[in-house]
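Participant: Curious how this folds, go ahead:
(2 chains)
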Amino acid sequence: MPSPPTINRRHLIRIGAGTLLGAVAAPLLTACGSGATAGKAGAKSAKLLPAHTPLNSAVEPDFKGTAAGVPQGFYTYPDKPVRSVRRKPLKGASAVTFGTTTFLPPAPSRGRNAAWRAIERRLGGRVDITAVPTDDHATKFNTQVASDNLPDLFTYPETGGVKNIQGFLRAKCADLTPHLSGEAIKDYPNLAAIPRTAWQKMIYDGKLYGIPIARSGTGGLGYYRHDLFEEAGVSSLDEITDMDRLFELFKELTRPAKKQYAVVAGMTNTLAQLHGAPYFWQANPETGKFTFDLETDAYKAAVEMARKLYKAGCFYPGTLGMTGAQKSQYTNLFKSGKGAYVYDGLPDYLTPTGYRHSMERTDKSFDVRPFTPVGKDAVVWADAVVLSRNFVKKAPEKRVKEILRLADWAAAPFGTEEYTLINYGVEGTDHRRDSKGNPVLTKQGIQDIAVPFKFLASGVPAVYDPESKEAVRHLHGAYADMIPKMLKDPTLSLTSPTWDADGLGSLLTLRQDGLKDIISGRKPMAYYGELVKEILSKGAEKARGEFEDAYAQGKKGNKK
Amino acid sequence: MLLLVLPGFLYFVVFHYVPLTGYVIAFKDYQPYLGYADSPWAGIANFQAAFAEPAFWSALVNTLEIAGIQLVFFFPVPIGLALLLNSVLSSKLRRFVQSVVYLPHFIGWVVIVSIFQQILGGAGVLPNLMDDAGMPSYDMMTDPGAFPWLLALQLIWKDAGWGTIIFLAALLTIDKQQYEAAAIDGAGSWRRLWHVTLPGIVPVVILLLILNLGQILTVGFEQIVLQRDAVGPDSGEVLDTYVYYHGIKGGDWGVSAAVGLVKAVIGTALVLGANKVAHFFGQDGIYRGADR
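Facilitator: Sure thing, here's the model as predicted:
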């Protein structure tokens, strides 16, 4: 669940002030382009996509990756990281500014940060990074847009961006098509290794605009406590053959006297996937008709089940209504052993503060594992193709090339010299090698590497954990299980301006509010139909039309 | 001397008056990347869009309900507390109590909401005690009907102490001789409260009441946004959260500004209206026109 950025009156006033500065500069800007025209619907031409060239990895992984997105898995870190990019990418370039988000506390500044200095020495130039907490990202971004102070390269906020993204990109951002499309990407081999599905998300208005921070495709189905499941008589997820069994299990796992509840926060998305509902949109390849997820029986059944679970007291009280700002509160309930299931993204499994290790530290008996599809109808959504998108501010060709070289450098894969610098800093200061040769961050290193260089660009991250082979097996196994079950998202190759503007904004709010009302029993199940109608009439129906047109257009294009 | 006013004056101009012109986006189809000179005019379309939404009206009703309850139940609490504090004679004890009651003001809403969650929430202390006592357990945090009362309760917990500051200052300005004179005339402590203390602070009370009316539609954003989903938008949505969820989150700056402008106009009207009423009752209110 994306956390809503908190905006208070002071922020608004600040934005208002920014707007004014923007107005002063406005006459200058408008010379660069007209962007008022609304976005167009259309199919994204496959010709725009960069040619995919997997890298010959310098190190043999313990688990192989696949082109579909299953990441490579590693038990140990390579002894001698190889250099991926030969030349200094920023040699002779002026300082590059980069605006992004961070999940970590602020890092020490350049002067006191060995890793940052080492990276810039290696780059041959300066990178000035402004990273704000995710909750403030949209505020910062909109202020930068309104005051025309965009950095050279910036992460686009996934919620709370501009309403007309096509117009924005046309007016403000560099078209990367000539640099990256097709064979052109060969100049940037690390970027060429990023999966094509991730690049599809970077196409707008018939052009390639963004650089992806790629992920495996699925964010997973959350986490469960294997030890508690076992106690309740389920020693393997395969034993949960249908949804009735899952319901019985969750009832069994709810023991308020022990302060233990089956589910912490909501699990509507997981239930929808277990019931086989599509990820927002489903296309019928024969008729070209699109179905909205809420219209499917599967989604409705999932909501009914969530409602039943709520009524049976299976949700930790109060957590269903928590927002993203309270995420740490409800995930901590799970981490401290108060729940048997929680939804959170898979990348949070193996990090030092992630589920596996933080829970192990709390209590040795806590055996947390990624939840994987159960039952015969289960599908997996392509809901994490990218973590985020970076766009390049309009600039002369030479400058764009410098920025792309920087992105290519940062996208170097697991085990390379670049990757080591970004993730572990300088050997001796930021990390030491343990007896098996795995880098272990020092206290200084934990702070130093908080500079988000890894958000400049990224391929699919590898699964690696030096402490536990079992953990690597669980996580890699979950990906290997889920990615083949992943539904193809028909909208990846299509553009609908209405969906771009409202799909993850006002329509999502309506959906989340309405579903919470139904699941918590504040409104009857009969309200479901009304809710679907309202969402359709407020934009989803229009988006459907645009998707269908674009789909038909794309089909025609393919026949030619 | 006038020079000393300059920093404050500049502050108001730069951070309050100049941003007011930003309200022009209420009448525009504002796109941040076009800047606000070049965004197309939208006339009153933004207002029409907001007024056509049942959700807007429901948010307005909720806002008024919450504001009403806050005004009636929160506003008098600091006055009462200040009177109590004022009657504590030991200055050491008084300072200690003051520090304690000021403290919650500095705690963030996220923390306060989770404290209430721990106490009143479904898995919290109170429902557990009720369970143990064999009573049906009650989760106030997810009861839509109790929502405005819950908000008022939290507000009292957080800000009642802080609110006493101004009243305590007002109490200090009352001339001690008046108490002595009243005591000599045989007035007991209640009589002194009624005839000396309260009239002494009435101007301040009225001033704050009027200023509060101006803020009446601003019932607290963070506090509500954190708890809105626990009771659903039908009873948890107020104008500020409406603007956030329906405007800002989706990049609809025009509609957001339009609703904000509506709020500001209502607030200004209430302040001016209440000021007139105060004059009618012979009080000064927030200001008085030149003597006629």
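
Participant: So for chain B, the centremost residue is which one?
Facilitator: Centroid check for chain B by CA atoms, centre = their mean gives residue B:219 as the closest residue, at 5.5 Å.

Participant: do chain A as well
Facilitator: residue A:387 (2.6 Å).

Participant: Not counting its neighbours along the chain, what's nearest that one?
Facilitator: The shortest distance from residue A:387 to any non-neighbouring residue, by CB to CB, 6 or more residues apart in numbering or on different chains, is to residue A:213 (4.3 Å). For glycine as for every other residue, the C-beta is placed from the backbone atoms N, C-alpha and C.

Participant: Check which helix or strand the one you found maps to.
Facilitator: Assigned by DSSP states H and E, residue A:213 belongs to strand A:210-217.

Participant: before we move on, what about residue A:450?
Facilitator: Using DSSP H and E, residue A:450 falls outside every helix and strand.

Participant: can you pull the contacts of it?
Facilitator: A:102, A:104, A:105, A:106, A:107 (CB atoms under 8 Å, 6 or more residues apart in numbering or on different chains).

Participant: Residue B:253 now?
Facilitator: B:25, B:30, B:32, B:247.

Participant: From the residues you listed, which one has the minimum pLDDT?
Facilitator: The member of the contacts of residue B:253 with the lowest pLDDT is residue B:247, at 78.

Participant: What strand or helix carries the nearest residue to that one once chain neighbours are set aside?
Facilitator: In this structure, residue B:247 finds its nearest non-sequential neighbour in residue B:256, 3.1 Å apart by CB to CB, 6+ apart. In the assignment (DSSP H and E), residue B:256 maps to helix B:253-280.

Participant: Could you do residue A:118 as well?
Facilitator: helix A:114-123.

Participant: chain center to that helix, what's the gap?
Facilitator: On the basis of CA atoms, centre = their mean, to the nearest Å, helix A:114-123 is displaced by 27 Å from the centre of the chain it belongs to.

Participant: From the contact counts, what lies against it?
Facilitator: The helices and strands touching helix A:114-123, judged by 3 or more CB pairs under 8 Å, 6 or more residues apart in numbering or on different chains; DSSP states H and E, are helix A:417-424, helix A:443-448.

Participant: Relative to chain B, which of those helices is closest?
Facilitator: Ranking those by proximity to chain B (CB to the nearest CB) places helix A:443-448 first, at 24.5 Å.

Participant: which outside residues touch the following helix or strand past the closest one?
Facilitator: Toward the C-terminus, helix A:443-448 is succeeded by strand A:463-464 as the next helix or strand (DSSP H and E). Strand A:463-464 is contacted by residues A:63, A:71-75, A:77, A:350, A:414, A:472, A:475-476, A:479 when judged by CB under 8 Å, 6+ apart.

Participant: re earlier: contacting residues around the closest residue to the residue nearest to the centre of chain B other than its chain neighbours?
Facilitator: Once flanking residues are discounted, residue B:219 sits nearest to residue B:66: 4.7 Å by CB to CB, 6+ apart. Residues in contact with residue B:66 (CB under 8 Å, 6+ apart) are B:147, B:148, B:151, B:152, B:219, B:224, B:238.

Participant: 10 Å - rerun?
Facilitator: By CB atoms under 10 Å, 6 or more residues apart in numbering or on different chains, residue B:66 lies in contact with B:147-149, B:151-152, B:155, B:216-217, B:219-220, B:224, B:235-236, B:238.

Participant: Which one of those residues sits in the busiest neighbourhood?
Facilitator: Neighbour count (other CB atoms under 10 Å in any protein chain shown) singles out residue B:238 as the most crowded of the contacts of residue B:66, with 31 neighbours.

Participant: Does that one touch residue B:65 like I think?
Facilitator: Yes. If you go by CB atoms under 10 Å, residue B:238 and residue B:65 touch, sitting 9.3 Å apart.

Participant: Contact residues of the stretch 151-292 of chain B facing chain A?
Facilitator: By the rule CB under 10 Å from any CB of the partner chain, the part of the stretch 151-292 of chain B lying against chain A is B:218, B:220-222, B:225-237, B:240, B:243-257, B:260.

Participant: Do you have the helices of the stretch 451-560 of chain A handy? List them.
Facilitator: Secondary structure of the stretch 451-560 of chain A by DSSP state H, counting those that start in this stretch: the helices cover A:469-482, A:497-498, A:506-519, A:527-535, A:541-559.

Participant: For the last one, list the C-alpha coordinates in PDB.
Facilitator: What it means is helix A:541-559. The C-alpha trace of helix A:541-559 is given here as PDB (Å, rounded to 0.1, in the frame of the first residue of the first chain):
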ATOM      1  CA  GLU A 541     -15.400   3.500 -17.700                       C
ATOM      2  CA  LYS A 542     -13.600   6.200 -19.700                       C
ATOM      3  CA  ALA A 543     -10.200   4.500 -19.000                       C
ATOM      4  CA  ARG A 544     -11.700   1.300 -20.300                       C
ATOM      5  CA  GLY A 545     -12.700   2.900 -23.600                       C
ATOM      6  CA  GLU A 546      -9.200   4.400 -24.000                       C
ATOM      7  CA  PHE A 547      -7.600   1.000 -23.200                       C
ATOM      8  CA  GLU A 548      -9.900  -0.800 -25.700                       C
ATOM      9  CA  ASP A 549      -9.100   1.700 -28.400                       C
ATOM     10  CA  ALA A 550      -5.400   1.500 -27.700                       C
ATOM     11  CA  TYR A 551      -5.600  -2.300 -27.700                       C
ATOM     12  CA  ALA A 552      -7.300  -2.400 -31.100                       C
ATOM     13  CA  GLN A 553      -4.800   0.100 -32.400                       C
ATOM     14  CA  GLY A 554      -1.900  -2.000 -31.100                       C
ATOM     15  CA  LYS A 555      -3.400  -5.100 -32.700                       C
ATOM     16  CA  LYS A 556      -3.600  -3.400 -36.100                       C
ATOM     17  CA  GLY A 557      -0.100  -2.200 -35.700                       C
ATOM     18  CA  ASN A 558       1.200  -5.700 -35.100                       C
ATOM     19  CA  LYS A 559      -0.600  -7.100 -38.200                       C
END
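
Participant: Look up the closest residue to residue A:295, ignoring the ones flanking it.
Facilitator: Nearest non-adjacent residue to residue A:295 (CB to CB, 6+ apart): residue A:532, at 6.2 Å.

Participant: Make sure that neighbour is actually in contact with residue A:507.
Facilitator: No. Applying CB under 10 Å, one finds residue A:532 not in contact with residue A:507, separated by 11.3 Å.

Participant: who's more crowded, these two?
Facilitator: Taking neighbours as other CB under 10 Å, residue A:532 and residue A:507 compare with residue A:507 leading, 23 against 19.

Participant: contacting residues around that one?
Facilitator: By CB under 10 Å, 6+ apart, the contact list for residue A:507 reads A:280, A:292, A:498-499, A:501, A:534-536, A:538-540, A:543, B:250.

Participant: just residue A:511 next, same as before
Facilitator: Residue A:511 sits in contact with A:268, A:280, A:293, A:294, A:531, A:532, A:534, A:535, A:540, where contact means CB under 10 Å, 6+ apart.

Participant: And the contacts of strand A:463-464, which of them are buried?
Facilitator: Among those, those buried by neighbour count (16 or more other CB atoms under 10 Å in any protein chain shown) are A:63, A:71-75, A:77, A:350, A:414, A:472, A:475-476, A:479.

Participant: Lowest mean pLDDT across the helices of the stretch 451-560 of chain A, which one is that?
Facilitator: helix A:541-559 (a mean of 88).

Participant: ok and that helix relative to helix A:527-535, angle-wise?
Facilitator: 70 degrees (axes from the mean of the first three to the mean of the last three CA atoms, to 10 degrees).

Participant: Who are the packing partners of helix A:541-559?
Facilitator: Under the contact criterion of 3 or more CB pairs under 10 Å, 6 or more residues apart in numbering or on different chains; DSSP states H and E, helix A:541-559 touches strand A:42-43, strand A:281-283, strand A:290-292, strand A:494-495, helix A:497-498.

Participant: Now do the third one: which elements does it pack against?
Facilitator: So the one you mean is strand A:290-292. Applying 3+ CB pairs under 10 Å, 6+ apart, one finds that strand A:290-292 contacts strand A:281-283, helix A:541-559.
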